[in-house]
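Asker: One predicted model, sequence on top.
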There are 2 protein chains.
Amino acid sequence: MTLDEQKKALIERIGIFHEKMGLQPVAGRILGLMYVADRPALTFDEIREELSISKSATSTALNLLIETGPVEYITFPGDRKRYFRLKTSNWRDALTKRIDNIINFKVLLKEVLECRTDKTSEFNTCLGEFVDFLDFLQEELPNLLDKWEKSRVK
Amino acid sequence: MTLDEQKKALIERIGIFHEKMGLQPVAGRILGLMYVADRPALTFDEIREELSISKSATSTALNLLIETGPVEYITFPGDRKRYFRLKTSNWRDALTKRIDNIINFKVLLKEVLECRTDKTSEFNTCLGEFVDFLDFLQEELPNLLDKWEKSRVK
DNA sequence: CTGTTAGTTCAAAATTTTAAGAACCAAATT
DNA sequence: AATTTGGTTCTTAAAATTTTGAACTAACAG
């Protein structure tokens, strides 16, 4: 495949980004490779070789990525290999899931408010505001996607 | 302080939430404790005892939490202790920072687009859309806060 | 029916992260 | 001046995560 230094560095940075989001290093790098690779879908061995990782690491990470969403594979008749690729058209779901993770802190905050003293009214008010905004954000997020969609048809 | 079982469990769940967001376990639990505790600000030793953690773990985690934003401390004249507390009024910044982390993936995506073949137009179009929406989201987030602010004065 | 391809699975090694303990320090107290 | 308080810092130990390597399997090929 022969990736230049710039691309290799970019793969690592994309990997690190995903690591920070909780993914294991190898899985992050696989995503990086898939973003950067010219070929639209890569085989198990192309991935393994390009990243110099073991078969087991490749297998485990690919299955994780398929399981959790960002990757899928396609096959071709008369070819036993799987061709793995990013589900890029899926970015709406991926992004929504990510933002929902943040928004869901409100569930915990609501439980906190349930069991707090009412002696600390300023504190409680702030938490209440936060919960309230998270509720609002959850409702508005789909509208925002609509709004963007419309703004771009024109 | 004597927290009941429900509160202890809630502290752990808040801890785990923050661990998933990349914080170390002890720091996450300290946040949990601060959300749940009746006292509005806690001393070093109250935190240490309530969570049964070492002085070094307490010190390191508190300094990290102060460094990264969510915690501050106050002092009182004639009292050498620090009283640590959540910066709850800061939730806007904290939330914005978190969402910005996600949005900033667009920086990497733009670099990806810079160095990709133009042979994979569907793929590239999807990435372009994603970048475009992330740009849009970054612009709209402050507006969303304004809109919420106004919706609640009424 | 033997070998090869395209992986999977599992135990163990390597690495990283986390927390503890002990030594330390500066300010206040006795 | 010695002790206590309220921490900090550094080294090491423990725990968790990540990755490897080796053995395995199922499908197909010769």
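Answerer: In hand now; what should we look at?

Asker: domains of chain A?
Answerer: When chain A is parsed with automatic domain parsing, its domains come out as A:5-86, A:90-153.

Asker: what's the span of the first one, first residue to last?
Answerer: Read that as domain A:5-86. The first and final residues of domain A:5-86 sit 22 Å from each other (CA to CA, to the nearest Å).

Asker: and what of stretch A:30-46?
Answerer: Separation of the first and last residues of stretch A:30-46 by CA to CA is 11 Å.

Asker: mean confidence for it?
Answerer: For stretch A:30-46, mean pLDDT is 97.

Asker: what comes up buried for the longest helix along chain A?
Answerer: Counting by DSSP state H, the longest helix found in chain A is helix A:121-153. Residues of helix A:121-153 classed as buried: A:123-124, A:126-127, A:129-131, A:133-134, A:136-137, A:140-141, A:144-145, A:148 (neighbour count, 16 or more other CB atoms under 10 Å in any protein chain shown). All C-beta atoms are positioned from the backbone trio N, CA, C, and that covers glycine.

Asker: circling back to that earlier point, most tightly surrounded among the domains of chain A?
Answerer: domain A:5-86 (a mean of 17; mean count of other CB atoms under 10 Å in any protein chain shown).

Asker: Say whether chain B is contacted by that domain.
Answerer: Yes: interface with chain B: domain A:5-86 contributes A:6-7, A:10, A:13-14, A:17, A:20, A:22, A:35-36, A:38, A:40, A:86 (CB under 8 Å from any CB of the partner chain).

Asker: where do the helices sit along chain A?
Answerer: A:5-20, A:25-36, A:44-51, A:55-68, A:91-103, A:105-115, A:121-153.

Asker: got JSON lines for the ones you listed, with distance to DNA strand C too?
Answerer: Listed next are the helices of chain A as JSON lines, based on distance: least, CB to the nearest atom of the strand, whole Å:
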{"stretch": "helix A:5-20", "distance to DNA strand C": "8"}
{"stretch": "helix A:25-36", "distance to DNA strand C": "8"}
{"stretch": "helix A:44-51", "distance to DNA strand C": "3"}
{"stretch": "helix A:55-68", "distance to DNA strand C": "3"}
{"stretch": "helix A:91-103", "distance to DNA strand C": "18"}
{"stretch": "helix A:105-115", "distance to DNA strand C": "19"}
{"stretch": "helix A:121-153", "distance to DNA strand C": "25"}
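
Asker: Of all those helices, which one is nearest B:Gly78?
Answerer: For those, the distance to B:Gly78 is smallest for helix A:121-153, at 24.4 Å, taking CB to CB.

Asker: closest to B:Pro70 among the residues of domain A:5-86 next to chain B?
Answerer: A:Lys20 (17.3 Å).

Asker: May I have the phi/psi pair for the residue nearest to A:Thr117 when sequence neighbours are not counted?
Answerer: Residue nearest to A:Thr117 in three dimensions, not counting chain neighbours: B:Asp38, with 4.7 Å by CB to CB, 6 or more residues apart in numbering or on different chains. The phi and psi values for B:Asp38, taken as degrees, to the nearest 10, are phi -70, psi -40.

Asker: Let me see the contact set for the nearest residue to A:His18 once chain neighbours are set aside.
Answerer: Distances taken as CB to CB, 6+ apart place A:Gly28 nearest to A:His18, at 3.5 Å, with adjacent residues excluded. Going by CB atoms under 8 Å, 6 or more residues apart in numbering or on different chains, A:Gly28 touches A:14-19.

Asker: Would you format the residues you listed as a markdown table with pLDDT included?
Answerer: Putting those into a markdown table (pLDDT from 0 to 100) gives the following:
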| residue | pLDDT |
| --- | --- |
| A:Ile14 | 98 |
| A:Gly15 | 98 |
| A:Ile16 | 98 |
| A:Phe17 | 98 |
| A:His18 | 98 |
| A:Glu19 | 98 |
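
Asker: Same list, those, but as a markdown table with distance to A:Val153 please.
Answerer: Output for those, formatted as a markdown table (distance: CB to CB, whole Å):
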| residue | distance to A:Val153 |
| --- | --- |
| A:Ile14 | 30 |
| A:Gly15 | 35 |
| A:Ile16 | 36 |
| A:Phe17 | 31 |
| A:His18 | 32 |
| A:Glu19 | 37 |
